[in-house]
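Peer 1: Whatever this is, show me its structure:
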Amino acid sequence: MVPLYGRGASSASKFEVKKPSQLDLAIPQRPPALGTNVVLGTATSLTSDPNQYLVAFIKSSSFKAHCCSIATASKADVNAPKYSASRCRNLFSRISHVGDGRDIVQALDQWVVEGGKVHHREILRIIRDLRSRKRFSQALQISEWVSSNKAFTFSPGDRAVHLDLVGVVRGSEAAERFFDNLSEQGKDEKAYGALLSCYARERLSIKALAHMEKMKQKGYASSSLAYNNLMALYEKTGELEKIPEVLSEMKSDGVAPNNFSYKMCIKALGERSDIIGMEKLLKEVESQPDISIDWTTYSIVAYQFIKANDKENALTYMKKLEEKNHGDAMGYNHLISLYAHLGDKDEMMRLWVSQKITCKKQINRDYITMISSLVKLDDAETAEALLKDWDSSCLNYDFRVPNILLIWYCQKGLVEKAELMLHDIMHKGKKPTPNSWSIVSTGYLNINNMAKAFECMKEALSVVETNMKWIPKPAQITSLLEWLGDNGEFEQVEAFVQSLRALIPVSKHMYDAIIKANTRVGGDSRWILDRMETDNIEIDEETRKLLSSAVMVTKG
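Peer 2: Numbers count the residues shown, from 1 in each chain. Have a look, this model is predicted:
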């Protein structure tokens, strides 16, 4: 079967078309991600009077250069971001209106040109916000802008955040170079910790362990943060058995584990099906007055009991989860997801109503969780009603929401209904993402309606600009190319391949389809051989046979 989503598709659409008897579609195999990224140290204040920088900067020659570049850009770049004075009265609002992937330096420079003030606390807030939304490149641009313009003197926390951003955006080697260029005074505990985090992120176990030893020698491993990074490393490498060992090491080194440390260890024990060990550790944590267990820990434990088919204990910890959840929408989402695993629709609906009352509003993420949970129970009627409710109230139309039903329809063989739903959305003025069309295309593939599958894939390729990260699945494209080679017009094949070249590497399958289509119309295929050599496509025995057949047809 061909998966229903392309590489780079949003998480809500990452499901495969399966036979009805194999359905386990609509929600992930675990509750929503718990956000267990290791947090770096908190930055401290850099200067008591940031306005001193503003005055000095405006008087400097670099400011004039900025003015010139901004003036030139505003004339030349018709796509430059436009700002409304009423909506962008502070720098945070200005930056928030810059789209993801856009250069953010221009917005900063323009803010200063317009006389806007640059406050250190607001810069920290902006960087923190961008990091939380995974816009790491833009966060790094701001940090580098502050550094290059000497807006503030970096505090140890600022350096650590900057180093971490360098690692995320440019990799650990770039982070190492930044670290090596720091003064000895600058290579403090926070900087060492940030570099360790980079090694853990990239699963560089040898470097991480050697770096940890240096930290211990320097007395920089006195807090739980460094050990938590090692736990995160072992989680990424799949060496879950080593996580409890790190917890024991912490205790023997006199470092007190924190909530995150225990949570990682509880999760690792559960994933290894050590339910007794997991519950024993949880009881230990519950008995400690200085550790406050949050709802996420109980969500982890409840899920592990569900996996172990222990419904009674799962419900016990789900009730504790609900008691610990004080109006957090994500907590409601976890509970709804867990009850969906247990097949309890009544509890799901109770929590949905409670979430609506407690949280005042429900966002796309909440609808994704609830609709996914409903279709997991094959309750399409309620899911459709909920989709209409979302459609009438959403401020930001997120195709991940309707995609859930598109996938379910296709799994049930209701592909025409899925396509009709997509056309209805278009009639309302919405432009589908390529993911949506790809889902329907795969649905048609799996009922062997190749012509319709091809038409839907062409639609997907025509709206690529709505999701530039989308890439079609190789198996899906291979199936379509094989069919086109045998049935499609030569011009169709050429146009399809041309569209694909902008998204995926040129492949032998593309040329095989071109050769077959060209041969059927009696065309000379020798030019195709030249193009294959230009594209560095290896000509295997199968392709040689196709080319030989083409030559024979041409001579005949």
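Peer 1: tell me the helices in the stretch 301-450 of the chain, going along the chain?
Peer 2: Remark: helices assigned in the stretch 301-450 of the chain by DSSP state H, counting those that start in this stretch are 311-324, 329-342, 345-358, 364-376, 380-393, 400-411, 415-427, 434-445, 450-462.
Peer 1: Redo those as TSV? Include mean pLDDT, mean neighbour count and distance to Arg125.
Peer 2: Quick note: C-beta positions are derived from backbone N, CA and C, even for glycine. Formatted as TSV, the helices of the stretch 301-450 of the chain follow (pLDDT from 0 to 100; neighbours: other C-beta atoms under 10 Å; distance: least, C-beta to C-beta, whole Å):
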stretch	mean pLDDT	mean neighbour count	distance to Arg125
helix 311-324	98	17	28
helix 329-342	98	23	22
helix 345-358	97	16	27
helix 364-376	98	24	22
helix 380-393	96	15	29
helix 400-411	98	25	28
helix 415-427	97	17	37
helix 434-445	98	28	33
helix 450-462	97	19	39
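Peer 1: of all those, which lies closest to Phe305?
Peer 2: The closest of the helices of the stretch 301-450 of the chain to Phe305 is helix 311-324. By C-beta to C-beta, the value is 3.9 Å.
Peer 1: just checking, what packs against the closest one?
Peer 2: helix 295-307, helix 329-342 (3 or more C-beta pairs under 8 Å, 6 or more residues apart in numbering; DSSP states H and E).
Peer 1: Please name whichever of the ones you listed is nearest to Ala226.
Peer 2: Judging the helices and strands packed on helix 311-324 by C-beta to C-beta, what sits closest to Ala226 is helix 295-307, at 21.4 Å.
Peer 1: Please look at Ala268 and Thr237 and confirm they touch.
Peer 2: No. At 11.9 Å, Ala268 does not count as touching Thr237 under the criterion of C-beta atoms under 8 Å.
Peer 1: Quick check on those two: which one has the bigger neighbour count.
Peer 2: Using other C-beta atoms under 10 Å as the criterion, Ala268 and Thr237 rank with Ala268 on top: 25 against 14.
Peer 1: and the helix or strand hosting the more buried one, what does it pack onto?
Peer 2: Following DSSP states H and E, one finds Ala268 within helix 259-271. In terms of contacts (3+ C-beta pairs under 8 Å, 6+ apart), helix 259-271 is packed against helix 224-237, helix 242-252, helix 275-286, helix 295-307.
Peer 1: Run through the neighbouring helices and strands of the first one.
Peer 2: Okay, so that is helix 224-237. By 3+ C-beta pairs under 8 Å, 6+ apart, helix 224-237 packs against helix 189-201, helix 205-217, helix 242-252, helix 259-271.
Peer 1: Contact partners for Ser354?
Peer 2: Each residue near Ser354 by C-beta atoms under 8 Å, 6 or more residues apart in numbering is listed here: Tyr332.
Peer 1: scratch that, Trp111 is what I was asking about
Peer 2: 91, 94, 118.
Peer 1: quick one: Glu455 and Leu445, what's the gap?
Peer 2: Applying C-beta to C-beta, to the nearest Å, the value for Glu455 to Leu445 is 12 Å.
Peer 1: Surely Arg400 and Ile371 touch.
Peer 2: No. Counting by C-beta under 8 Å, Arg400 sits too far from Ile371 to count as a contact (9.9 Å).
Peer 1: Compute the number of surrounding residues for Lys508.
Peer 2: 16.
Peer 1: backbone phi and psi for it, please?
Peer 2: Per-residue torsions, Lys508: phi -60, psi -30 (degrees, to the nearest 10).
Peer 1: My understanding was that Gln492 contacts Leu481; is that so?
Peer 2: No. Gln492 is beyond contact range of Leu481, at 11.2 Å (criterion: C-beta under 8 Å).
Peer 1: Residues in contact with both of those two, list them for me.
Peer 2: Contacts common to Gln492 and Leu481, judged by C-beta under 8 Å, 6+ apart, are absent.
Peer 1: For those two, indicate the residue with more neighbours.
Peer 2: Higher neighbour count among Gln492 and Leu481: Leu481, with 25 against 15, using other C-beta under 10 Å.
Peer 1: Pick the most deeply packed of the helices and strands packed on helix 224-237.
Peer 2: Highest mean neighbour count among the helices and strands packed on helix 224-237 (mean count of other C-beta atoms under 10 Å): helix 189-201, with a mean of 25.
Peer 1: now it, how far from the chain's geometric center?
Peer 2: Here helix 189-201 is found 22 Å from its chain centre; the criterion is C-alpha atoms, centre = their mean, to the nearest Å.
Peer 1: can you list contacts of it?
Peer 2: Taking C-beta under 8 Å, 6+ apart as the rule, helix 189-201 contacts 38, 40-41, 156-157, 159-161, 163-164, 167-168, 172, 175-176, 179, 182, 207-208, 211-212, 214-215, 218, 220, 222-223, 225-226, 229-230, 232-233, 236.
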